[in-house]
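K.L.:
next come a sequence and a model predicted from it.
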Amino acid sequence: MCGIVGYVGHRQACPIIIKGLHRLEYRGYDSAGVAIVDQSGEIGLYKCKGKVSDLERFLDGKATESTIGIGHTRWATHGAPNDANAHPHFSSSGRLALIHNGIIENFRVLKDALKSHGYEFRSSTDSEVLVNLIEYIQDTNGCSLEEAVRMALRQVVGAYAIAVIERGVSDRIIAARESSPMAIGIGEGEYFLSSDASSIIDYTHNFVYLNDGEVAVIEKGKPLQIKNLSGEMSHVDIQKLELSISQLEKGGYPHFMLKEIHEQPDTIVDCIRGRVNPDTKEVILSGVLDNQDKFLKAGRIIFVACGTSWHASLIGEHLIENLCRIPVEVEYASEFRYRNPIIRKDDVVIAVSQSGETADTLAAVEIARREGAFVYGICNVIGSSIARATASGTYIHVGPEIGVASTKAFTGQVTVMAMLALVIGKLRGTIEEEKYHKVAQALLDLPDTLRKALDCSKNLENFAKIFTYAHNFIYLGRGYNYPTALEGALKLKEISYIHAEGLPAAEMKHGPIALIDAEMPTVVIATLDRTYEKTVSNIEEIKARGGKIIAVISQGDTQLRKRADYCIEVPSTEECLMPIVSIIPLQLLAYYVATCKGRNVDQPRNLAKSVTVE
Ligand code: G6P
């Protein structure tokens with residue numbers, strides 16, 4: 001995790017870096033810092049515990065004029081979040097300053113070796129070891145910084161995106177990447193660098209995404225040079241990123257999360273645009289159609305994902321098994337990668353990731369690729385590592401998601417999975433034409449359906465206050481809505497810090513029902529589907545034990561309106577798309593409970609949006 005930014009050119013670096021860091025705070029926000037080369041050639045380094053706004057206050061009145069600089073916002077891995085462990089890190093002599101996103105796994109061995117050469121350390125981070133290793137190599141070999149970086153990185157095991165500046169050098173940054181993202185923005189005689197291209201979109205739309213094992217020499221006024229760790233030149237591939245600044249702002253909402261929840265009717269329009277034909281109801285996903293043979297002969301589909309993307313994948317499992325009749329497995333990427341999984345040549349592995357940078361998912365992609373499976377990506381961030389590492393894929397196109405709790409990415413992922421199931425089902429002849437057209441029409445209607453769902457949830461703000469007392473929640477659902485229950489529980493946990501557990505409704509009687517009392521609210525997704533009556537029975541069992549029920553029900557359902565303690569109505573759609581609708585009130589419930597409790601919903605404690613460490 002962590003976010004890094006850099007600038008070299010003709011403008012003042014600090015304001016650019018601070019702005020970029022604010023936008024990267026979703027990647028970590030426990031400490032922040034900047035380093036510049038000042039007028040006299042010295043490195044000015046300023047860092048402190050806290051958020052980027054704390055750093056801004058800390059910088060107030062300090063002499064930070066410079067046209068070169070690097071900055072960092074941290075999510076602690078090695079070493080507590082404090083001033084000393086904040087980045088950038090000086091090398092022992094103070095000649096170099098470095099920022100790092102990732103983990104140097106063999107840092108202890110390297111640290112011991114450096115200590116034996118007399119190096120002393122000011123922090124407990126792995127990153128400080130790297131900057132000292134670079135300095136040591138430069139001193140002992142008398143080589144350039146670029147060469148020393150390459151030599152140091154050949155000794156490093158782990159993940160990194162780094163940027164290094166040098167005392168007396170005010171026109172050059174050396175940057176490198178291995179398994180952590182790094183985009184270089186190209187301006188007129190100036191360069192920007194960032195963990196996420198969108199954070200510097202104000203200045204340029206032209207980007208080069210570093211590949212693993214590449215080192216860049218970023219020099220003001222000179223062409224960008226990229227080499228591999230052996231010093232051989234790499235091709236510089238400039239890509240355009242179309243994104244507007246308004247997509248990165250709150251647009252009048254108090255939090256990004258609330259904005260992103262309310263954006264969903266529009267993000268679904270972007271997601272299905274050009275993919276579902278409103279006249280013919282044909283669904284076209286070029287990523288699938290260009291690789292038809294892979295999906296036609298697929299013996300199995302394996303989803304690999306983490307967090308919310310894993311929940312979306314569980315819905316994907318239902319969709320594909322129901323509409324395509326292909327066996328599906330859904331794996332936590334972190335488990336999959338370490339348990340020697342059986343991967344067959346006719347497996348299709350689908351990696352699902354909003355950021356496209358989650359370290360475990362990326363590693364799972366590599367394993368699947370190595371074993372010869374066809375690997376497909378469902379990502380949001382254009383040009384992200386997973387999007388680039390997969391053979392083909394579909395972007396969800398929901399725009400930048402900044403709130404740490406994922407909302408619009410979840411509905412976008414499920415929407416793509418529904419389209420995927422329709423396309424594959426049609427290719428394989430496992431879906432009836434009538435059903436195909438009905439689901440396609442329901443996809444076209446989804447934006448309106450979501451608008452209605454948001455409308456129905458208007459009074460949730462008042463209603464949520466009632467539940468701020470609770471220390472535990474249970475979320476129940478069945479079939480397509482069991483993953484929705486998991487996702488609803490995750491939203492509440494993430495941002496309100498209330499413990500919540502999602503369960504298949506019928507599993508209650510196998511243990512969890514023992515937890516029920518008047519203090520434990522149970523949220524039940526009980527919309528009118530094939531398991532409705534069974535869910536109603538589960539509700540009765542909880543009520544009989546004094547439990548309080550918050551039910552998400554279909555509009556017009558009078559039966560449950562009488563039985564549940566609190567009801568939230570949602571409009572109906574095709575059963576297989578229902579999770580996209582029923583998650584809306586659960587996102588809002590979590591949001592309002594958390595804001596009533598005074599939580600920072602966009603930056604909940606201990607979390608980061610993009611988990612680039614394992
Ligand atoms: C983190 C985020 C979650 C996200 C998960 C997977 O834990 O806080 O919101 O679902 O990573 O991220 P990805 O970008 O791979 O979807």
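P.N.:
Happy to help now that I have it.
K.L.:
next structured bit after the host helix or strand of Phe295?
P.N.:
Using DSSP states H and E, Phe295 sits within helix 292-296. Using DSSP H and E, the helix or strand that follows helix 292-296 in sequence is strand 300-305.
K.L.:
give me the residues contacting that next one.
P.N.:
Contact partners of strand 300-305, identified using Cβ atoms under 8 Å, 6 or more residues apart in numbering, comprise 310, 312-313, 316-317, 320, 326-333, 336, 341, 343-344, 346-353, 358, 361, 364-365, 368, 373. Every residue, glycine included, has its C-beta placed from N, CA and C.
K.L.:
keep only those of those residues that are in strands.
P.N.:
Among the contacts of strand 300-305, the members falling in strands (DSSP state E) are 328-332, 347-353.
K.L.:
out of those, which is nearest to the ligand?
P.N.:
Proximity of the ones in strands among the contacts of strand 300-305 to the ligand (Cβ to the nearest ligand atom) peaks at Ser353, which lies at 3.2 Å.
K.L.:
which ones are touching the closest one?
P.N.:
Neighbouring residues of Ser353 by Cβ under 8 Å, 6+ apart: 305-306, 309, 361-362, 377-380, 384, 386.
K.L.:
roughly how far does the closest residue to the ligand within the chain sit from Ile320?
P.N.:
Going by Cβ to the nearest ligand atom, the ligand is nearest to Gly307 of the chain, at 2.7 Å. Taking Cβ to Cβ, to the nearest Å as the measure, Gly307 and Ile320 are separated by 20 Å.
K.L.:
which of those two has more neighbours?
P.N.:
Applying other Cβ atoms under 10 Å to Gly307 and Ile320 shows that Ile320 carries more neighbours, namely 27 against 24.
K.L.:
surely that one meets Leu422?
P.N.:
No - Ile320 lies out of contact with Leu422 (Cβ atoms under 8 Å); the separation is 10.3 Å.
K.L.:
and the stretch 251-400 of the chain, which of its residues are near the ligand?
P.N.:
306-309, 353-355, 358, 361 (Cβ under 6 Å from any ligand atom).
K.L.:
give me that answer again for 5 Å
P.N.:
Contact residues (Cβ under 5 Å from any ligand atom) of the stretch 251-400 of the chain with the ligand: 306-309, 353-355, 358.
K.L.:
between these, identify the one with the most neighbours.
P.N.:
Ranking these using other Cβ under 10 Å puts Ser353 first, with 34 neighbours.
K.L.:
pLDDT score for it?
P.N.:
Note on Ser353: pLDDT of 97.
K.L.:
alpha carbons of the worst-scoring helix or strand of the chain on mean pLDDT, in PDB - could you do that?
P.N.:
Ranked by mean pLDDT, DSSP states H and E, the weakest helix or strand in the chain is helix 460-465, scoring a mean of 87. The C-alpha trace of helix 460-465 is given here as PDB (Å, rounded to 0.1, in the frame of the first residue of the first chain):
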ATOM      1  CA  LEU A 460     -32.200   5.400   6.200                       C
ATOM      2  CA  GLU A 461     -30.400   8.300   7.800                       C
ATOM      3  CA  ASN A 462     -32.900   8.700  10.600                       C
ATOM      4  CA  PHE A 463     -33.400   5.000  10.900                       C
ATOM      5  CA  ALA A 464     -29.700   4.200  11.200                       C
ATOM      6  CA  LYS A 465     -29.400   6.200  14.400                       C
END
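K.L.:
now the strands for the stretch 151-300 of the chain?
P.N.:
For the stretch 151-300 of the chain, applying DSSP state E, counting those that start in this stretch gives strands covering 158-166, 172-178, 183-186, 191-194, 206-209, 214-219, 225-228, 239-240, 300-305.
K.L.:
what's the local residue count around Lys452?
P.N.:
By other Cβ under 10 Å, 18 other residues sit near Lys452.
K.L.:
and for it, nearest residue in space, chain neighbours not counted?
P.N.:
Of all residues not flanking Lys452 in the chain, Pro571 sits nearest, at 4.3 Å (Cβ to Cβ, 6 or more residues apart in numbering).
K.L.:
tell me how far that neighbour lies from Phe256.
P.N.:
From Pro571 across to Phe256, the span is 26 Å (Cβ to Cβ).
K.L.:
residues from this protein in reach of the ligand?
P.N.:
By the rule Cβ under 5 Å from any ligand atom, the part of the chain lying against the ligand is 306-309, 353-355, 358, 406, 611.
K.L.:
give me every residue that touches the residue of the chain closest to the ligand.
P.N.:
Here Gly307 is in contact with 358, 406, 490, 611 (criterion: Cβ under 8 Å, 6+ apart).
K.L.:
can you tell me which of these are in strands?
P.N.:
Among the contacts of Gly307, no member lies in strands (by DSSP E).
K.L.:
among those, which two are most distant?
P.N.:
Across those, no pair lies farther apart than Thr358 and Leu490, at 15.1 Å, counting by Cβ to Cβ.
K.L.:
out of the strands of the stretch 151-300 of the chain, nearest to Ala544?
P.N.:
strand 300-305 (37.3 Å).
K.L.:
paired strands for that closest one, with orientation please.
P.N.:
Strand 300-305 has its sheet partners listed here by DSSP bridges as strand 328-332 (parallel), strand 347-353 (parallel).
K.L.:
centre-most residue in this structure?
P.N.:
For the chain, Ser355 is the residue whose C-alpha lies nearest the centre (Cα atoms, centre = their mean; 3.7 Å).
K.L.:
the helices in the stretch 301-450 of the chain, which residues?
P.N.:
Per DSSP state H, counting those that start in this stretch, the stretch 301-450 of the chain carries helices over the ranges 307-324, 333-336, 359-370, 385-389, 408-428, 433-456.
K.L.:
same check, this time on the stretch 1-150 of the chain
P.N.:
Taking DSSP H, counting those that start in this stretch as the criterion, the stretch 1-150 of the chain carries its helices at 13-24, 52-59, 107-116, 127-141, 145-155.
K.L.:
number of residues surrounding the nearest residue to Thr390 once chain neighbours are set aside?
P.N.:
Of all residues not flanking Thr390 in the chain, Gly377 sits nearest, at 3.5 Å (Cβ to Cβ, 6+ apart). Using other Cβ under 10 Å, Gly377 is surrounded by 25 other residues.
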